[in-house]
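Engineer: When you get a sec, could you give me coordinates for this:
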Amino acid sequence: MPIIIGLPKGSLQESTFALFKRAGFDVTCSSRSYTPTIDDPEIKCRLLRPQEMSRYVELGLLDAGICGFDWVYENGSDVVEVCELNYSKATANPVRWVLAVPNDSKIKSVKDLKGKRISTEAVGLVKRYLKKNGVKADVEFSWGATEVKAPELVDAIVDLTETGSSLRANNLRIVDTILVSTTRLIANKKAWKVAAKRRKLEQLKMLLTGALEARRRVLLKCNAPAKSLDKVVGVMPALHAPTVNRLNDSGWCAVESVVDEGAVRDLIPALKAAGATGIIELPLNKIIF
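Structural biologist: Below you'll find the model as predicted:
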């Protein structure tokens, strides 16, 4: 029996489909469909809003799902966390639920929210935050466009941000970060106990996390004369150690290693200076540890 997995509709949809592609799965969906197709007969997909994903997983209507930890926390869902997937809409950074107010507001801390009106999509999250800090305030559910409601309709908002650009564009400043959230692969507890389903989910975990690991690394290859080999190997970083192979010409060796992509611009000149030649940089799809 195939596993039924929920994929997030909305801001995470495109990046999730791209991640599955890197992991080796081709997922397609028409603009009006909620049942994506996937080229794996052991998986069936459903497209759902992340806000409700964990509830359906907990109830067993889905075997597994992908959504942010924030919505698992908001819904209080009792599910298995299979793995953390460090990706979001625009970056690989976590997203944050923040308390924000107009730039000219007198609110400087959570204590200043006493008796104020707050708009948010995560009502449960905000109520827990206020209770933890001993503050009573009016929390109302927002159906969207939360950042435009202050100051005319509410005193403060609690909204999700990845870069903060939307808040700045609406003349809002962040007072506090309430929750930091990353994307998670979650599973229903009963489904997790079924050996075949668990095995498939663990394979999916391995491939998805492997694809994410590869996103920030590249394969760097070069040739080095035997007299310069120690210098080249000394420059080349590696997950464990660079791979060195003798070429048909006994005076030369091939050296290769997986390195952080951000280090390449400094690494290539250093390798060249150490005596390397024929330097090649190649992208990677997956790295499995």
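
Engineer: buried stuff in the helix or strand bottoming out on mean pLDDT in the chain?
Structural biologist: Every helix and strand of the chain was ranked by mean pLDDT, DSSP states H and E. The lowest is helix 165-169, at a mean of 89. Residues of helix 165-169 classed as buried by neighbour count (16 or more other CB atoms under 10 Å): Ser166, Leu167. To be clear about C-beta, it is placed using only N, CA and C from the backbone, and glycine gets the same treatment.

Engineer: Okay, the spatially most central residue of the chain and Arg265: tell me how far apart.
Structural biologist: Centrality entry for the chain: nearest residue to the mean C-alpha point is Tyr87, 1.8 Å, by CA atoms, centre = their mean. Note on Tyr87: its distance to Arg265, by CB to CB, to the nearest Å, is 24 Å.

Engineer: Low-confidence ranges, the stretch 1-150 of the chain, go.
Structural biologist: Counting by pLDDT under 70, the stretch 1-150 of the chain contains low-confidence ranges at 89-92.

Engineer: Now do the domain split for the protein, please.
Structural biologist: Using automatic domain parsing, the domain parsing of the chain gives 3-90+183-214, 95-181, 216-283.

Engineer: Looking at those, which is nearest to Phe289?
Structural biologist: For those, the distance to Phe289 is smallest for domain 3-90+183-214, at 7.4 Å, taking CB to CB.

Engineer: Where does Glu74 fall, secondary structure wise?
Structural biologist: helix 69-75 (DSSP states H and E).

Engineer: picking that back up, for Gly68, see how far away the residue nearest to the centre of the chain is.
Structural biologist: Tyr87 is 11 Å from Gly68, by CB to CB.

Engineer: The helix or strand just after the helix holding Glu74: partners in the sheet, and parallel or antiparallel?
Structural biologist: Using DSSP H and E, the next helix or strand after helix 69-75 towards the C-terminus is strand 80-85. Sheet pairing of strand 80-85 (DSSP bridges) gives strand 183-187 (antiparallel).

Engineer: Other residues contacting the partner strand?
Structural biologist: Identification of contacts with strand 183-187 by CB atoms under 8 Å, 6 or more residues apart in numbering yields 12, 53-54, 57, 63-69, 72, 77, 79-88, 197-198, 201, 204-205, 208.

Engineer: which among those residues end up buried?
Structural biologist: Buried by 16+ other CB under 10 Å: 12, 53-54, 57, 63-69, 72, 77, 79-80, 82-83, 85-88, 197-198, 201, 204-205, 208, out of the contacts of strand 183-187.

Engineer: Please state the offset of stretch 199-217 from the chain centre?
Structural biologist: Its chain's C-alpha centre and that of stretch 199-217 lie 12 Å apart, by CA atoms, centre = their mean, to the nearest Å.

Engineer: my bad, should have said stretch 244-264
Structural biologist: With CA atoms, centre = their mean as the basis, stretch 244-264 stands 32 Å off its chain's centre.

Engineer: Please identify the buried residues of that stretch?
Structural biologist: The neighbour-count check on stretch 244-264 (16+ other CB under 10 Å) flags Trp252, Cys253, Val255, Glu256, Ser257, Val258, Val259, Val264 as buried.

Engineer: Following the chain past the helix of greatest length in the chain, name the next helix or strand.
Structural biologist: Longest helix of the chain, by residue count under DSSP state H: helix 195-215. Going down the chain from helix 195-215, the next helix or strand is strand 217-225, by DSSP H and E.

Engineer: which residues make contact with that following strand from outside it?
Structural biologist: So strand 217-225 is contacted by 232-233, 236, 247, 251-261, 264, 267-268, 271, 274-284, 287 (CB under 8 Å, 6+ apart).

Engineer: repeat for stretch 253-263
Structural biologist: Contacting residues not belonging to stretch 253-263 are listed as 216-226, 229, 232-233, 236-239, 242-247, 267, 276, 284, 287 [CB under 8 Å, 6+ apart].

Engineer: Perfect, that will be all.
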